[in-house]
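Trainee: please work out how this folds:
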Amino acid sequence: MYAKSMSAIAIVSLLLVATSVAQDPQTQGKALVSDLFARQFDKVTAQFDERMKGALPSSKLAEMLDTILAQYGPYRTITGTREGELQGFRLVLVTCQFEKTSVNFRLAYDSNMHVAGLFYAPSPPIVEWKAPDYAKQSTFTEKGVTVGTGQYQLPGTLTLPQGAGPFPAVVLVHGSGPNDQDETIGPNKPFKDLAWGLASRGIAVLRYAKRTLVIAQMKEPPPAVFTVKEETVEDAQAAVSWLAKTSAIDPKRIYVLGHSLGAMLAPRIATGDKEVAGIILMAGSTRPLEQSIVEQLKYLATLPGKNGEEAAKLLPAAEEAAKQIQSPTLAPTASINLLGARIPGSYFLDLRDYHPAETAAGLEIAMLVLQGDRDYQVTMKDFEGWKTALAGHSGVTFKTYPGLTHLFMPSAAPGTGPGTPDDYTKPGHVFEAVISDITSWILAK
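Mentor: Okay, here's the model as predicted:
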């Protein structure tokens with residue numbers, strides 16, 4: 001593996017307002033790999049960001065190519081490309097056939113479409129998502145829907161229990177980054193687990209693509225001024241309103257379930273929205289995002305091997321970005337480079353006066369706060385922040401889950417304490433007890 005692996009980056013809560021540019025990423029990635037095998041190294045390095053240019057100049061590219069050919073045999077052809085989004089980076093996977101095996105070249109593009117990471121590995125078997133055992137597909141149906149109107153219409157899915165209804169319903173609100181409707185990360189789809197698991201138990205679920213993903217797919221220039229209102233809040237409120245007008249849904253039992261950033265923003269989504277009966281907070285941070293990112297990297301830098309090395313390299317830049325974010329002179333139109341993602345100052349200025357736990361304390365609705373104790377993105381320190389702020393609130397239920405990660409799945413690492421980046425690459429499902437607890441809490445209302 002060469003240059004910057006995505007493992008340390010992928011698990012940090014990056015924020016990406018929009019990654020859209022005019023180029024087709026798959027075409028660009030395919031051309032770069034073709035240039036590599038044509039030994040056009042200068043053409044390859046011209047697409048690198050500054051860090052990559054220093055880490056992998058033409059001479060080292062030549063060494064890398066010779067190592068690849070010696071290891072896998074003569075190069076044959078490119079057999080396919082795939083594209084995705086991962087916590088603020090646009091990923092292009094270029095699969096190449098060699099004499100001995102098939103190899104994946106993974107390119108990580110930043111918001112300016114500069115290559116921020118290039119690495120390779122033999123093609124692993126494709127891991128297909130399989131329904132969890134607790135999902136009973138005969139008990140629900142799904143149909144495509146559209147959330148929002150105007151410029152940004154978000155494709156989504158309503159998962160509806162069998163029967164006449166009306167049913168209680170949940171709107172799923174994503175974490176950071178341009179997530180799809182399943183909140184896919186690696187082989188896992190936590191939002192699909194939640195939708196199928198809850199619908200199997202009589203609760204309707206609405207999930208949809210995040211606006212930042214749709215903006216990226218539209219290939220429009222990113223907005224100069226952007227906040228969580230445009231990224232998340234407006235669309236979640238639109239989803240609640242859509243459900244309230246749907247005949248199969250009980251309009252008095254609509255809940256907002258936020259994960260990660262979505263949980264952090266759930267109190268803001270519910271503020272002033274009388275159609276929200278309650279909020280469910282799964283791994284919601286109570287602290288500023290830039291503070292959490294620095295803390296995550298400090299933890300990752302203590303890990304042995306590649307993950308620790310990468311985090312240690314990223315930490316100084318993250319600390320510098322945090323200083324810029326916290327500066328009293330930060331302008332709305334400023335551009336903050338947060339681990340390769342360009343984010344306008346308006347985003348962080350908007351969050352300065354937002355205190356999620358204190359906002360939640362002012363709500364007169366039911367709340368369910370959930371936390372995995374091996375989560376190192378949002379930690380037990382955040383969970384204690386919710387408990388402190390909501391100590392006098394009679395309508396709050398708190399639940400912790402030993403051994404579960406940020407995705408509410410069992411950690412891949414043995415033992416106790418915070419997990420590792422491997423937690424995001426191990427196939428799994430949202431723990432059934434989490435599904436059961438959410439179900440029981442909603443049905444008791």
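Trainee: so for the helix or strand hosting Lys323, what gets flagged as buried?
Mentor: In this assignment (DSSP states H and E), Lys323 forms part of helix 305-326. Within helix 305-326, the residues that count as buried by 16 or more other C-beta atoms under 10 Å are Asn307, Gly308, Glu310, Ala311, Ala312, Leu314, Leu315, Ala318, Ala321, Ala322, Gln324, Ile325. Heads up, the C-betas are built off the backbone N, CA and C, glycines and all.
Trainee: quick one: these as TSV, columns for pLDDT too.
Mentor: Formatted as TSV, these follow (pLDDT from 0 to 100):
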residue	pLDDT
Asn307	77
Gly308	85
Glu310	79
Ala311	85
Ala312	89
Leu314	85
Leu315	91
Ala318	90
Ala321	92
Ala322	95
Gln324	96
Ile325	95
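Trainee: before we move on, the earlier item: name the helices or strands packed onto the helix holding Lys323?
Mentor: Helix 305-326 is packed against helix 7-10, helix 289-300, strand 335-338, with contacts defined by 3 or more C-beta pairs under 8 Å, 6 or more residues apart in numbering; DSSP states H and E.
Trainee: comparing these, which stretch has the densest surroundings?
Mentor: Ranked by mean neighbour count, the helices and strands packed on helix 305-326 are led by helix 7-10 with a mean of 22 (mean count of other C-beta atoms under 10 Å).
Trainee: His406 contacts Val378, correct?
Mentor: Yes. Taking C-beta atoms under 8 Å as the definition, His406 is a contact partner of Val378 at 6.4 Å.
Trainee: what residues are shared contacts of these two?
Mentor: Ser260, Ala283 (C-beta atoms under 8 Å, 6 or more residues apart in numbering).
Trainee: ok, now which ones touch the closest residue to Ser34 other than its chain neighbours?
Mentor: Spatially, and ignoring its direct neighbours in sequence, Ser34 is nearest to Ile78 (7.0 Å; C-beta to C-beta, 6 or more residues apart in numbering). By C-beta under 8 Å, 6+ apart, the residues touching Ile78 are Lys30, Val33, Ser34, Val94, Thr95, Cys96, Gln97.
Trainee: mind redoing it with 7 Å?
Mentor: Lys30, Val33, Val94, Cys96 (C-beta atoms under 7 Å, 6 or more residues apart in numbering).
Trainee: what do you get for Leu194?
Mentor: So Leu194 contacts Leu172, Val205, Val430 (C-beta under 7 Å, 6+ apart).
Trainee: just to be sure, it is in a strand?
Mentor: No. In this structure, Leu194 is helix, not part of a strand, as judged by DSSP: H, G, I helix; E, B strand; the rest coil.
Trainee: and it, how far is that from Ser285?
Mentor: 19 Å (C-beta to C-beta, to the nearest Å).
Trainee: what does Leu363 give?
Mentor: 18 Å.
Trainee: can you tell me the SS state at Leu363?
Mentor: Leu363 ends up coil, using three-state DSSP.
Trainee: test my guess that it contacts Gly272.
Mentor: No. With contact defined as C-beta atoms under 7 Å, Leu363 does not reach Gly272; the gap is 9.9 Å.
Trainee: ok, the two, which is more surrounded?
Mentor: Per other C-beta atoms under 10 Å, whichever of Leu363 and Gly272 has more neighbours is Leu363, with 20 against 9.
Trainee: so which of the contacts of Leu194 is the most crowded?
Mentor: Result: Leu172 is most packed of those (other C-beta under 10 Å), 30 neighbours.
Trainee: that one touches Val256, doesn't it?
Mentor: No. Applying C-beta under 7 Å, one finds Leu172 not in contact with Val256, separated by 8.6 Å.
Trainee: which phi and psi values does the residue nearest to Ser34 adopt?
Mentor: Here is the backbone geometry of Ile78 (degrees, to the nearest 10): phi -90, psi 130.
Trainee: where are the low-confidence patches of this protein?
Mentor: Along the chain, segments meeting pLDDT under 70 span 1-23, 85-88, 124-126, 216-224, 340.
Trainee: outline the domain layout of it.
Mentor: Annotated domains of the chain cover 7-122, 137-286+355-443 [automatic domain parsing].
Trainee: who's in contact with stretch 25-40?
Mentor: 43-44, 47, 61, 65, 75, 78, 81, 83, 90, 92, 94, 96, 105, 107, 109.
Trainee: just those residues: which are in strands?
Mentor: Counting by DSSP state E, the part of the contacts of stretch 25-40 found in strands is Tyr75, Ile78, Thr81, Glu83, Arg90, Val92, Val94, Cys96, Phe105, Leu107, Tyr109.
Trainee: the residues you listed into TSV, with extra columns for distance to Leu69?
Mentor: As requested, those are exported to TSV (distance: C-beta to C-beta, whole Å):
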residue	distance to Leu69
Tyr75	7
Ile78	15
Thr81	21
Glu83	26
Arg90	28
Val92	22
Val94	16
Cys96	11
Phe105	13
Leu107	19
Tyr109	25
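Trainee: neighbour-wise, which one of these leads?
Mentor: Leu107 (27 neighbours).
Trainee: now do the same contact list for that one.
Mentor: Per C-beta under 7 Å, 6+ apart, neighbours of Leu107: Gly29, Leu32, Val92, Val94, Val115, Leu118.
Trainee: hang on, Thr286 in a helix?
Mentor: No. Assigned with three-state DSSP, Thr286 falls outside any helix and is coil.
Trainee: how about it, what does it touch?
Mentor: Pro356, Ala357, Asp382, Gly385, Trp386.
Trainee: buried ones from these, can you make that a ChimeraX selection?
Mentor: Buried residues among the contacts of Thr286 (16+ other C-beta under 10 Å), as a ChimeraX selection:
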select :356,357,382,385,386
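Trainee: quick one: the strands in the protein?
Mentor: Counting by DSSP E, the segments of the chain that form strands are 75-86, 89-98, 102-109, 115-122, 140-147, 154-161, 167-173, 204-208, 249-259, 278-282, 335-338, 341-344, 366-372, 396-401.
Trainee: in a markdown table: those strands, plus distance to Val214.
Mentor: Below are these laid out as a markdown table (distance: least, C-beta to C-beta, whole Å):
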| stretch | distance to Val214 |
| --- | --- |
| strand 75-86 | 11 |
| strand 89-98 | 14 |
| strand 102-109 | 18 |
| strand 115-122 | 23 |
| strand 140-147 | 10 |
| strand 154-161 | 6 |
| strand 167-173 | 15 |
| strand 204-208 | 9 |
| strand 249-259 | 19 |
| strand 278-282 | 23 |
| strand 335-338 | 21 |
| strand 341-344 | 17 |
| strand 366-372 | 28 |
| strand 396-401 | 32 |
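Trainee: now Ala357: closest residue in space that isn't a chain neighbour?
Mentor: Ala357 sits nearest to Ala389 (C-beta to C-beta, 6+ apart), 3.4 Å away.
Trainee: list the contacts of the one you found.
Mentor: Ala389 neighbours (C-beta under 7 Å, 6+ apart): Ala357, Glu358, Ala360, Ala361.
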